[in-house]
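Asker: Sequence plus the predicted model coming up.
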Amino acid sequence: MSVEIGRRGVLDDVRVADFSRVLAGPYATMTLADFGADVLKIEPPAGDDTRHWHPPVDADGTATYFGSVNRNKRSIALDLTLDADRAQALRLAGTADVLIENFRPGVMERFGLGFDAVRAVNPGIVYCSITGFGTGTGASLAGYDLLVQAVGGLMSITGDPEGSAAKAGVALVDVLCGQNAVAGILLALRERERTGLGQRVDVNLLQSLLSALTNQAASTLATGVPPRRLGNQHPSIAPYALFRAADRDLVIAVGNDKQFRALAVALGQEALATDPRFLRNADRVAHRDALTTLIEQELAHAEAAHWIDRFRAAGIPAGLVHDVAEALAFAEGLGLDPVVALGASRTIANPIRLGDAPAAYRTPPPALNDSAPAAWRTERT
């Protein structure tokens, strides 16, 4: 995707003081920055921890973890243990529209940068705090993605039925929480248009995950029975799983009876569509093991690519199990422009598409303290 410079963003009148680090907060502020917000990343003298999480690195030596969530920002290094730097941080917060932080509860208060202190000098501040487990009894608990995936139930439903619980292959809870932070901030900015006053926005990793459990959580609430691990199977739909062809794995995601009848024809096994065990989805769920065996017997006769072409021609949702490089190439082939190049930095494009005011990609991830001489003035212009 080409870099767009000079385009007006929908948030170009929003100033963000970003005290967050690692993933959830930086993901949120990058989203705001992509749509024009002026994000000043306030880092300790050693920088965000993820600056040092390498290898791998970009061509310019930037850690790819840091680079993945910090484009379109500026940086200033402040030591919040020093009176002068805390005073400067408060001045910056006093001219911001949004402040976002993900320290443990109480840390910003000890720095004199808690919500009440900032609101006293800036009544319009939207103050977003990201925590692991909220500000109550769980305030003292460290919030790490792996830990939340475990205690939040996700690992219990991920992995092989006979194997150990498994985490997702990316820090998914951090990303979900970052998205919730963006939504909360935008809602609070909308309310400020009506009242002129900012407010506190609280999001936490655990509730972000519990909300994302959707149907699995609803099932537990309705039945009192927690779901079990099903590997790549679906608790309510079949066939909706991973299957093995002659050369590699593929996924078939049949969501209704019509699609199943088309699958039976595409496999050359029309009788499956009239077999009493498989007539309706509930029947297929009840007999999923037998159905899986019959499907894989047919898939073994040809390579996965053959079957994908055949299934797609018949309107059956199916796809290869791509690695990340293949996934990026697949998205590129669909015209989605998934990759943004900013100098030596290459990152994933913002997934939100606005027709009239799209995301813009202006600057690569900042060098530490790159904006110290030109930090925000006290007065807004």
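Answerer: Everything's here; your move.
Asker: Look up how far L279 lies from the residue of the chain positioned farthest from its centre.
Answerer: In the chain, A271 marks the outermost C-alpha relative to the chain mean, sitting 42.6 Å out by CA atoms, centre = their mean. For A271, the distance to L279 equals 12 Å [CB to CB, to the nearest Å]. In this view, the C-beta of every residue, glycine as well, is placed from N, C-alpha and C.
Asker: chain center to the top helix by length along the chain, what's the gap?
Answerer: As assigned by DSSP state H, the longest helix anywhere in the chain is helix 172-195. Helix 172-195 has its average C-alpha position 14 Å from the chain's average C-alpha position, going by CA atoms, centre = their mean, to the nearest Å.
Asker: Ok, stretch 30-45 next?
Answerer: Remark: stretch 30-45 is offset 17 Å from the chain centroid, using CA atoms, centre = their mean.
Asker: State the mean pLDDT of it.
Answerer: Per-residue pLDDT values across stretch 30-45 average out to 97.
Asker: For that stretch, measure first residue to last.
Answerer: Using CA to CA, to the nearest Å, one end of stretch 30-45 lies 21 Å from the other.
Asker: Please enumerate the helices of the stretch 201-350 of the chain.
Answerer: Ranges of helices in the stretch 201-350 of the chain, per DSSP state H, counting those that start in this stretch, are 205-212, 214-223, 257-266, 281-286, 288-299, 304-313, 324-333.
Asker: ok so, going back, how about the longest helix of the chain as CSV, C-alpha atoms only?
Answerer: Only the C-alpha atoms of helix 172-195 are listed here, as CSV (Å, rounded to 0.1, in the frame of the first residue of the first chain):
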residue,chain,number,x,y,z
LEU,A,172,-5.1,-11.8,21.2
VAL,A,173,-6.4,-10.5,24.5
ASP,A,174,-4.2,-7.4,24.3
VAL,A,175,-5.4,-6.7,20.8
LEU,A,176,-9.1,-7.1,21.8
CYS,A,177,-8.5,-4.8,24.8
GLY,A,178,-6.8,-2.2,22.6
GLN,A,179,-9.8,-2.2,20.3
ASN,A,180,-12.1,-1.8,23.3
ALA,A,181,-10.0,1.1,24.4
VAL,A,182,-10.4,2.8,21.1
ALA,A,183,-14.2,2.4,21.2
GLY,A,184,-14.3,3.7,24.8
ILE,A,185,-12.2,6.8,23.9
LEU,A,186,-14.3,7.6,20.9
LEU,A,187,-17.5,7.2,22.9
ALA,A,188,-16.2,9.5,25.6
LEU,A,189,-15.1,12.1,23.0
ARG,A,190,-18.6,12.0,21.5
GLU,A,191,-20.1,12.6,25.0
ARG,A,192,-17.6,15.5,25.5
GLU,A,193,-19.1,17.2,22.4
ARG,A,194,-22.4,17.3,24.3
THR,A,195,-21.2,18.2,27.8
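Asker: That one packs against which elements?
Answerer: If contacts are counted by 3 or more CB pairs under 8 Å, 6 or more residues apart in numbering; DSSP states H and E, helix 172-195 sits against helix 24-34, strand 98-101, strand 126-131, helix 145-151, strand 200-204, helix 205-212.
Asker: right, and the ones you listed - which one's nearest D257?
Answerer: The closest of these to D257 is helix 205-212. By CB to CB, the value is 28.6 Å.
Asker: what mean pLDDT does the longest helix of the chain have?
Answerer: Per-residue pLDDT over helix 172-195 has a mean of 98.
Asker: List the buried residues in it.
Answerer: Within helix 172-195, the residues scored as buried using 16 or more other CB atoms under 10 Å are 172-182, 184-186, 188-189, 192.
Asker: what's the angle between it and helix 24-34?
Answerer: With axes from the mean of the first three to the mean of the last three CA atoms, to 10 degrees as the basis, helix 172-195 and helix 24-34 are set at 50 degrees to each other.
Asker: List the contacts of helix 172-195.
Answerer: 14, 22-28, 31-32, 97-98, 100, 124, 126, 128, 130, 145, 148-149, 152, 154, 198-199, 201-205, 208-209, 211-212 (CB atoms under 8 Å, 6 or more residues apart in numbering).
Asker: Against L141, how distant is the closest residue in space to V148 that isn't next to it in sequence?
Answerer: Computed as CB to CB, 6 or more residues apart in numbering, the closest residue to V148 that is not its neighbour in sequence is L205, at 4.4 Å. Summarising the geometry, the distance separating L205 from L141, computed by CB to CB, is 10 Å.
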